[in-house]
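Undergrad: turn this into a model:
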Amino acid sequence: MFTGIIQALGRVESSEPRDGDIRLGINCGDLELSHTRLGDSIAVNGTCLTAVELHAGSFTADVSVETMNKTSLGQLAIGSPVNLETALTLNTALGGHLVSGHVDGLGSLVEMHTDARSIRYCFEVDSEIQHYIATKGSVTVDGTSLTVNGVDGNRFDVSIVPHTQQKTIFQYYETGTRVNIEVDIIARYLERLLQGRVDDTAGKNRQLLETLIKSGFINYE
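TA: Predicted coordinates for the structure are as follows:
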């Protein structure tokens, strides 16, 4: 698990094909690795990877075919900047929200413009995940925990303050940039719970479902 608070900017220093998938080498920049051990999890652009080799200031991780298909990691070139975060511990301040590092899908940057001292970014996501994203809810973009300003169909926008702009790869985004999206984990589990209850038309679970629909928390069709 992670918090969505980016700890450092790193860069891809190697990408080695391995029988259909790849092994990435990541230069960690200022990321503190003194407490990291082999097998520990590190989020790279919001994707939970397992450190299989540790070096002074860098690590390597295997990227499976599934991860390559669901995230942007397979498209990273040598030198590409990446957001980095080590796994949270029980004494980690939860400054963002609970992030699993399991990417739900890809999004694309469709628009950005200044908004006072912030920059407002608008992203478009696939229809399969758009219903998980709610106004004033949490979303993770390339590992960065953000609050959704508003939602319009399969688009949503977020505001990036100067500190986040400087400390994450948001500073490198341009129109068309593909990003990793992880929706709020609570939304995922709520949907799964309701799927198992939808046929309980005579019980309290059906009443709960109808209340959530009427209140606008879910759109069930």
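Undergrad: going forward, measure contacts between C-alpha atoms and count neighbours the same way
TA: OK.
Undergrad: need the contact list for residue 57.
TA: Contact analysis of residue 57 by C-alpha atoms under 8 Å, 6 or more residues apart in numbering lists 27, 28, 29, 30, 31, 33.
Undergrad: quick check on it: phi, psi?
TA: phi 80, psi 10 (degrees, to the nearest 10).
Undergrad: show me where the chain has its helices.
TA: 65-70, 127-130, 162-167, 185-195, 204-214 (DSSP state H).
Undergrad: got a list of contacts for the third one?
TA: The reference is to helix 162-167. Applying C-alpha under 8 Å, 6+ apart, the set of residues contacting helix 162-167 is 6, 8, 9, 117, 118, 170, 171.
Undergrad: re earlier: closest one to residue 73 out of the contacts of residue 57, please.
TA: Proximity of the contacts of residue 57 to residue 73 (C-alpha to C-alpha) peaks at residue 27, which lies at 14.7 Å.
Undergrad: can you pull the contacts of that closest one?
TA: Here residue 27 is in contact with 10, 11, 12, 13, 57, 58, 59 (C-alpha under 8 Å, 6+ apart).
Undergrad: for the last one, give its distance to residue 8.
TA: Counting by C-alpha to C-alpha, to the nearest Å, the gap between residue 59 and residue 8 amounts to 14 Å.
Undergrad: over to residue 131: give its phi and psi.
TA: phi -70, psi -10.
Undergrad: confidence-wise, which helix or strand of this structure is lowest on average?
TA: helix 204-214 (a mean of 68; mean pLDDT, DSSP states H and E).
Undergrad: now the end-to-end length of stretch 148-162.
TA: End-to-end for stretch 148-162, by C-alpha to C-alpha: 17 Å.
Undergrad: check the offset of that stretch from the chain's centre.
TA: In this view, stretch 148-162 has its centroid 14 Å away from the chain centroid, taken as C-alpha atoms, centre = their mean, to the nearest Å.
Undergrad: could I get the full set of strands for this protein?
TA: For the chain, the strands defined by DSSP state E occupy 8-18, 21-27, 41-44, 47-55, 58-63, 81-86, 105-115, 118-125, 138-141, 144-147, 150-152, 155-160, 178-183.
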